[in-house]
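Colleague: sequence first, then the predicted structure:
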Amino acid sequence: MKFKTNTSPFFSSENNVRSVMLQVLIALIPGTLVVAYFYGWGILINVALSVFFALALETLALILRKRPILPFLGDFSAFITGWLLALTLPPLIPWWVIFVGVFFAIIVAKHLYGGLGYNPFNPAMVGFAVLIISFPLEMTQWIQANHINTINTLQTTPPFGFIDSLKSVLGIAASTPDWDAITMATPLDAVKTGLRAGMPYSDIINQSPYLAKTTSNTWLWSGLVFTLGGLWLLYKKVIHWQIPSALILALIMISSLFHLFSNETYASPLLHVFSGATILAAFFIATDPVSASTTPLGKIIYGAGIGLLIYIIRTWGNYPDAVAFAVLIMNMAVPTIDYYTQPRTFGYGTANDKKPSSRRENNP
Amino acid sequence: MTESTLDDINITPKPEGGSCSTADCRKIVMDGLWHNNPGLVQLLGLCPLLAVTGNFINGLGLGIATIITLTASNTIISFTRHWVRKEIRIPYYVLVIASIVTVIDLSMYALTPELHHILGIFIPLIVTNCVIIGRAEAFASKNKISRAALDGFMMGLGFTLVLVVLGGMREFIGSGTLFSEASLMFGDIAKDWTFQINKDYRGFLLAILPPGAFLGMGLLIALKNIVDKK
């Protein structure tokens, strides 16, 4: 057998921004479709609008900064930012809310800091944090999911068809939907309100249409499918195992601890992992190569920090979900984490010696 | 240590003695309003600057109080500069500034109680505003009364401009109005001065909250840098 040898460097694949972002995009599609299956056209309209705004604003920013447009637009990073932001928004949210979120994500969080590669904060999460702070009402109007309870018929009634959804999002619908009738507290919201009111956890579970039966928990299903997408990314080596596993393990550990300590006043680990944006964060948001930690040990610390903060903010904070704030806080810590977790450079120092230059000092 | 660093940033174009010529006056005016603006360039007094600029009128109220304090403190300190020993000058400045602020605080309480209530702790806190003690040390203690008073007034005006622009910006974006609560300062005539873009405007809470102050401030500084570059 003849081996063909090339000269170095031996790059096996072109692992550029574009191909990485494309693979992330592919991994997001199944989960997005599952969410859309439960929540109707609103989700897909959100994604389309958000991606459109993201690309438009990215183009605008590139023109203003006098950068080449096509190479940067073609790397799909703005595409992903828009898509991820859209996945955190409730369906049928007005278009201008999406625009404000994307504006802060692309213009403020990304281009004011110098564009892709220079942003210390995750753009999509900055957009989400701005929105949840500024428009708490619009941001918590989650319509009831299809396929649970008796409301199966809702999908065809306004504002759930495609045209009606679009009209509602664009604000040109003939009548505004009766939000009180068609929205329902998300599992995290229901649990939080219930626990605040002093209800035992098991009662809250039994009363919530989402949580009473495992099969009706839409977040569980979409979470599982997002996990599949994430595992595919791991297999393709687009993301590393450290951040997702540290994040989920830390969240499971701290929530189990409190749940075992008092199971009627603290939510179960299952709820924490498969609710809100935990899974999305673990595989798609926290692993953002620009704003996450880059050293192997640093990634574990970074992921675990996000997991712990998610639990702390969800349990004792004021907002129902905490992923955005947890990610942003840990983004701030990344330079420090990276500084203290630099791996030993090959040829310098010994395994037990952290100082990179000490070996040279010993043997001049 | 403090002495030498403060002396280093001393920006006296002329030592005392010379009268305030036109070019000299213009330099003091332009320094206060633009080139050495306390809000945008020196970045002094950021705490009140960011905290009270939730709307236009609050900014204006604090701005006017700062102008009065700064002018009065610069005048008094310049007037007494030969009699105060160098070793005790900082406590002396604080004493002078604190007395002036107390007068203003009590006057505002008497004249515009509602505005005083809204500005709350930030009126007494003018005492700790670094702009005032900074100008006292860097300018008033080395210059004639007329120049010191002009500098105090112009620095105060520059600070007020930033407060007002930032306050107006945050109010406009945050709640879609301008000059709301103007009656607190100008009395009943100002009841209908409030300008509203659109009744349906939902408000943008972020602009009113502290992060909005930082973002707005950053944008203003960026704007100034752009103008300076051109």
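Modeller: On my side now, so go ahead.
Colleague: how about the helices of chain B, start to end?
Modeller: B:2-8, B:22-30, B:46-51, B:56-79, B:89-111, B:113-119, B:130-138, B:145-175, B:183-186, B:205-208, B:210-229 (DSSP state H).
Colleague: can I get those helices in JSON lines with distance to chain A, mean neighbour count and mean pLDDT?
Modeller: Where you see a C-beta, it was placed from the backbone N, CA and C, and this is true even at glycine. Listed next are the helices of chain B as JSON lines, based on distance: least, C-beta to the nearest C-beta, whole Å; neighbours: other C-beta atoms under 10 Å in any protein chain shown; pLDDT from 0 to 100:
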{"stretch": "helix B:2-8", "distance to chain A": "29", "mean neighbour count": "10", "mean pLDDT": "44"}
{"stretch": "helix B:22-30", "distance to chain A": "29", "mean neighbour count": "14", "mean pLDDT": "81"}
{"stretch": "helix B:46-51", "distance to chain A": "17", "mean neighbour count": "20", "mean pLDDT": "81"}
{"stretch": "helix B:56-79", "distance to chain A": "20", "mean neighbour count": "24", "mean pLDDT": "89"}
{"stretch": "helix B:89-111", "distance to chain A": "32", "mean neighbour count": "16", "mean pLDDT": "90"}
{"stretch": "helix B:113-119", "distance to chain A": "22", "mean neighbour count": "17", "mean pLDDT": "81"}
{"stretch": "helix B:130-138", "distance to chain A": "26", "mean neighbour count": "22", "mean pLDDT": "86"}
{"stretch": "helix B:145-175", "distance to chain A": "9", "mean neighbour count": "23", "mean pLDDT": "89"}
{"stretch": "helix B:183-186", "distance to chain A": "26", "mean neighbour count": "18", "mean pLDDT": "70"}
{"stretch": "helix B:205-208", "distance to chain A": "4", "mean neighbour count": "19", "mean pLDDT": "84"}
{"stretch": "helix B:210-229", "distance to chain A": "7", "mean neighbour count": "15", "mean pLDDT": "89"}
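Colleague: pipe the ones you listed into a markdown table and attach distance to residue A:52 per row.
Modeller: Output for the helices of chain B, formatted as a markdown table (distance: least, C-beta to C-beta, whole Å):
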| stretch | distance to residue A:52 |
| --- | --- |
| helix B:2-8 | 53 |
| helix B:22-30 | 46 |
| helix B:46-51 | 35 |
| helix B:56-79 | 36 |
| helix B:89-111 | 51 |
| helix B:113-119 | 42 |
| helix B:130-138 | 46 |
| helix B:145-175 | 24 |
| helix B:183-186 | 44 |
| helix B:205-208 | 23 |
| helix B:210-229 | 25 |
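Colleague: so which of the ones you listed gets nearest residue A:213?
Modeller: helix B:205-208 (37.0 Å; C-beta to C-beta).
Colleague: tell me what the closest one is packed against?
Modeller: Secondary-structure packing of helix B:205-208 (3 or more C-beta pairs under 8 Å, 6 or more residues apart in numbering or on different chains; DSSP states H and E): helix A:123-134, helix B:145-175, helix B:210-229.
Colleague: kindly export that helix (C-alpha atoms) in CSV.
Modeller: Taking Å, rounded to 0.1, in the frame of the first residue of the first chain, the C-alpha atoms of helix B:205-208 are listed here in CSV:
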residue,chain,number,x,y,z
LEU,B,205,-37.2,51.1,29.7
LEU,B,206,-33.5,50.5,29.2
ALA,B,207,-32.9,54.2,28.4
ILE,B,208,-34.3,55.3,31.8
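Colleague: tell me the gap between it and the middle of its chain.
Modeller: The chain centroid and the centroid of helix B:205-208 are separated by 22 Å under C-alpha atoms, centre = their mean, to the nearest Å.
Colleague: again, but for stretch A:90-103
Modeller: 16 Å.
Colleague: can I get that stretch as PDB, trimmed to CA atoms?
Modeller: Provided in PDB are the C-alpha atoms of stretch A:90-103 (Å, rounded to 0.1, in the frame of the first residue of the first chain):
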ATOM      1  CA  PRO A  90     -42.000  34.400  22.300                       C
ATOM      2  CA  PRO A  91     -44.100  33.800  19.100                       C
ATOM      3  CA  LEU A  92     -46.200  36.700  17.700                       C
ATOM      4  CA  ILE A  93     -44.000  39.300  19.300                       C
ATOM      5  CA  PRO A  94     -44.300  42.700  17.500                       C
ATOM      6  CA  TRP A  95     -41.700  43.200  14.700                       C
ATOM      7  CA  TRP A  96     -40.200  46.300  16.300                       C
ATOM      8  CA  VAL A  97     -39.200  44.400  19.400                       C
ATOM      9  CA  ILE A  98     -37.300  42.000  17.200                       C
ATOM     10  CA  PHE A  99     -35.700  45.000  15.500                       C
ATOM     11  CA  VAL A 100     -34.600  46.600  18.800                       C
ATOM     12  CA  GLY A 101     -33.100  43.300  19.900                       C
ATOM     13  CA  VAL A 102     -31.200  42.700  16.700                       C
ATOM     14  CA  PHE A 103     -30.000  46.300  16.700                       C
END
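Colleague: buried ones in it?
Modeller: Neighbour counts over stretch A:90-103 (16 or more other C-beta atoms under 10 Å in any protein chain shown) mark A:90-93, A:95, A:97-103 as buried.
Colleague: my read is that residue A:289 contacts residue A:21, right?
Modeller: No - between residue A:289 and residue A:21 there is no contact under C-beta atoms under 8 Å: 9.6 Å.
Colleague: and those two? Which one has more around it.
Modeller: Taking other C-beta atoms under 10 Å in any protein chain shown, residue A:289 and residue A:21 do not tie; residue A:21 has more neighbours (21 against 16).
Colleague: so how far is chain B from the more buried one?
Modeller: To chain B, residue A:21 is 28 Å away according to C-beta to the nearest C-beta, to the nearest Å.
Colleague: what is the burial count for the nearest residue to residue A:315 once chain neighbours are set aside?
Modeller: Nearest residue to residue A:315, sequence neighbours excluded (C-beta to C-beta, 6 or more residues apart in numbering or on different chains): residue A:266, at 7.0 Å. As a burial measure, residue A:266 scores 22 neighbours (other C-beta under 10 Å).
Colleague: got the contact list for residue A:266?
Modeller: A:195, A:201, A:255, A:258-259, A:315 (C-beta atoms under 8 Å, 6 or more residues apart in numbering or on different chains).
Colleague: and with 7 Å instead?
Modeller: Residue A:266 makes contacts with A:258-259, A:315, as judged by C-beta atoms under 7 Å, 6 or more residues apart in numbering or on different chains.
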